[in-house]
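Participant: need a structure here:
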Amino acid sequence: QVQLEESGGGLVQAGGSLRVSCVASDRTYNTMGWFRQAPGKEREFVASISWNGLSIYYADSVNGRFFISRDNAKNMVNLQMNNLKLEDTGVYYCAERVGIAYSTLWGPDETLSWGQGTRVTVSS
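Facilitator: You can find the predicted model right below:
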């Protein structure tokens, strides 16, 4: 179990781009991912990536706009967010999961670690 720290959130206009990053305190070979929580809503899955980068999943709402990547040498996972929409506003959390992801399904009992979150605000 590693400690995770996100960075890169901020304010951006709709249609713009932003990249959020997550650094782990130690190397992990587990699947990593991003979740987000909008005000008044439950936390939802955004994207995940396996340790070798060959298995990637996206929520339908971000597919084609967001791109997840990882740099194992730097213990880092990134989320490039393009063509941002108002509904992308929220706190973005980095997470590490146990096991291998075979779909977008990621249950709370599969999460090993959470970061503290970084806020992304999309304005009109």
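Participant: and stretch 105-119, how far out from the chain's middle?
Facilitator: 9 Å (CA atoms, centre = their mean, to the nearest Å).
Participant: pLDDT on it, on average?
Facilitator: The pLDDT scores in stretch 105-119 average 93.
Participant: got the contact list for residue 7?
Facilitator: For residue 7, the contact set (CB atoms under 8 Å, 6 or more residues apart in numbering) comprises 20, 21, 22, 23, 118. For the C-beta atoms, the positions are set from N, CA and C on the backbone; glycine is no exception.
Participant: 10 Å - rerun?
Facilitator: With contacts defined as CB atoms under 10 Å, 6 or more residues apart in numbering, residue 7 is in contact with 19, 20, 21, 22, 23, 94, 115, 118.
Participant: just residue 35 next, same as before
Facilitator: Contacts of residue 35 (CB under 10 Å, 6+ apart): 42-48, 59, 90-95, 106, 111, 114-115, 117.
Participant: rerun that using 8 Å as the cut-off
Facilitator: 43, 44, 45, 46, 92, 93, 95 are the contacts of residue 35 under CB under 8 Å, 6+ apart.
Participant: okay, now residue 54: neighbour count?
Facilitator: 7 (other CB atoms under 10 Å).
Participant: quick one: which helix or strand includes it?
Facilitator: Assigned by DSSP states H and E, residue 54 falls within no helix or strand.
Participant: what comes up buried for the helix-or-strand element of the chain with minimal mean pLDDT?
Facilitator: Confidence across the helices and strands of the chain bottoms out at strand 111-114, with a mean of 94, counting by mean pLDDT, DSSP states H and E. Neighbour counts using 16 or more other CB atoms under 10 Å place 112, 113 of strand 111-114 among the buried residues.
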